[in-house]
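In: Build me a model from this:
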Amino acid sequence: MKRLYISIVISVITALFLINWGVDKLAESYTQTVTENNETNELVLYKKLIQGIVEELSATVHGLDPSKSNAESMEVLLKQKVALLAQEYQLTIILEEASNLALPPSLQKQLTQTGALLLSSGHNSYLLKKLPNQPNWLVRLQMLKQEELPHSNLLLTSLLYLGVCSLLVLWLLPLTHRLYLLTQTAANIGDGHLTARLPSSKFSYINQFETNFNKMAAQIETLVTDNKMLARSLSHDIRTPLACLRFGIEAALDCQDMDKKNHYINKMDAEITRMENMTAAFLTYASLERKSLSLNKKKQNINLLIKTLTEDFTPLAHKNKLTINTELPETDVKIEVDSHWCYLAIQNLVGNAIQYAEHKVLISLHQNNENSITISIDDDGKGIPEEDVHQIFKPFVKLSNSSREQENFGLGLATTAKVMEWHHGSITAKPSIKLSGLSCQITFPF
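Out: Take a look at the predicted model:
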């Protein structure tokens, strides 16, 4: 989920920065273009306007003698005409004396050339032009202050949110696709296709969730398969003792000899005991999944655990005229396991080896690397055909064609395999190299 949160934050922040930058660039380009166009058109208009004003003022004083005696009357006449034009055009038009304005020679020439001289003062701009035949007078036309161009805030805001939404949609596409596949897979499992799994993807935001989902699906498949197998095995295995019970009851009812009657009753009692043991074993195995939720993992000394187990099995080994040897490292090996279930897992393997060994059983422990250890249980029995080795860890499997036909309902090794699954370990079986029989190996991770 951390990856999901980080990707959301990065996507949103990236979207805001990129789209903000893009919208700013777009608005800046648009504003600059419009401003340049407006300024060009506006300047041309003002230059034409001041040219017309100058021509009209020139026509007003045309024919007047520019002598000193007429200078005052000419000034009054020009100022009156300028005031009239300013009122008429609703513009600021001023008549100024050329001597009041100090300009370099290069700019002085522009006062008489076509167009006019554009000057700026603060935020205001104005045009200056000399009157023809009246070099002492300048016409000053104040340009209106350019207002800020009206930006379309709605358009820019819409572009911003549209860009953010587009990037979020692009980010959401992989997520929604994976959620769709997850929904389809769950529906397939619900329809009975228990082998359905969610395919892995490197570009998924919810890898951990998908992994846990597939793990859950595998556990459901195993649980349902085990329950079906339990029901089939129980219904199959219970028929024989029931038939024996019915036969014993009928024989006991028909028999008049008390010794034979007691013999039949003892046989029925043995069958009932077998049925009880079988039912208890089946129910115990069926409840293993629930017990896996209450594992109590702690650091355990595996050397000491194997020594204790060897001592516990020594009387049974002597009874079967066997010897149990151990090969343990000098340094104690400690790993985090549930001591009860770890002991039970090894116990089932050792008990199975004692049952089929001829003279010797060997228990060895070695550390593979810094990440795992392996416990091997070897015997010198007849072994198991290679084609049947992979089946012995399945529940309710009895190798009837093998010298190792199970007498404990085929659940011991299956329980060991289940315990190894809880501890994220593994269990394997192969012909023994050290002895002539079978070698079962269980590997625990640190």
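
In: Just the strands from the protein, written as ranges.
Out: 92-97, 117-121, 124-131, 134-142, 297-301, 323-327, 334-338, 360-367, 372-379, 426-431, 438-445 (DSSP state E).

In: Please parse the protein into its domains.
Out: In the domain annotation for the chain, the residue ranges read 2-142, 245-286, 295-445 (automatic domain parsing).

In: Highest mean neighbour count out of the ones you listed?
Out: domain 295-445 (a mean of 17; mean count of other CB atoms under 10 Å). In short, each C-beta sits where N, CA and C put it, glycine included.

In: Now do the end-to-end distance for that domain.
Out: End-to-end distance of domain 295-445: 16 Å, with CA to CA, to the nearest Å as the criterion.

In: likewise stretch 322-330?
Out: Start-to-end, stretch 322-330 (CA to CA) is 25 Å.

In: Tell me the pLDDT of Thr310.
Out: Looking at Thr310, its pLDDT is 93.

In: For Met74, find the nearest of the strands of the chain.
Out: Nearest to Met74 among the strands of the chain is strand 134-142 (7.9 Å), distances taken as CB to CB.

In: Was I right to think Leu245 contacts Asp269?
Out: No. The pair Leu245 / Asp269 is not scored as a contact, 9.8 Å apart, by CB atoms under 8 Å.

In: Show me the helices in the protein, by range?
Out: 2-60, 68-89, 105-110, 153-190, 207-237, 239-254, 258-286, 288-291, 302-319, 339-356, 386-389, 412-422 (DSSP state H).

In: before we move on, the earlier item: turn the domains of the chain into a markdown table, columns for distance to Ile238.
Out: Putting these into a markdown table (distance: least, CB to CB, whole Å) gives the following:
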| stretch | distance to Ile238 |
| --- | --- |
| domain 2-142 | 51 |
| domain 245-286 | 7 |
| domain 295-445 | 11 |
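
In: These: lowest mean pLDDT?
Out: Among the domains of the chain, domain 2-142 has the lowest mean pLDDT, at a mean of 74.

In: distance between that one and the chain's centre?
Out: Its chain's C-alpha centre and that of domain 2-142 lie 62 Å apart, by CA atoms, centre = their mean, to the nearest Å.

In: Next: stretch 278-286.
Out: 41 Å.

In: rewinding a little: quick one, which of the strands of the chain gets closest to Leu411.
Out: Between the strands of the chain, strand 426-431 lies closest to Leu411; by CB to CB that is 14.4 Å.

In: Report the angle between the closest one and strand 372-379.
Out: Here strand 426-431 runs at an angle of 40 degrees relative to strand 372-379 (axes from the mean of the first three to the mean of the last three CA atoms, to 10 degrees).

In: how far away is Trp171 from Ile8?
Out: 7 Å (CB to CB, to the nearest Å).

In: just to revisit the earlier point, in JSON lines, list the strands of the chain along with distance to Arg290.
Out: JSON lines is the format used below for the strands of the chain (distance: least, CB to CB, whole Å):
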{"stretch": "strand 92-97", "distance to Arg290": "95"}
{"stretch": "strand 117-121", "distance to Arg290": "88"}
{"stretch": "strand 124-131", "distance to Arg290": "88"}
{"stretch": "strand 134-142", "distance to Arg290": "93"}
{"stretch": "strand 297-301", "distance to Arg290": "17"}
{"stretch": "strand 323-327", "distance to Arg290": "33"}
{"stretch": "strand 334-338", "distance to Arg290": "14"}
{"stretch": "strand 360-367", "distance to Arg290": "30"}
{"stretch": "strand 372-379", "distance to Arg290": "26"}
{"stretch": "strand 426-431", "distance to Arg290": "21"}
{"stretch": "strand 438-445", "distance to Arg290": "22"}
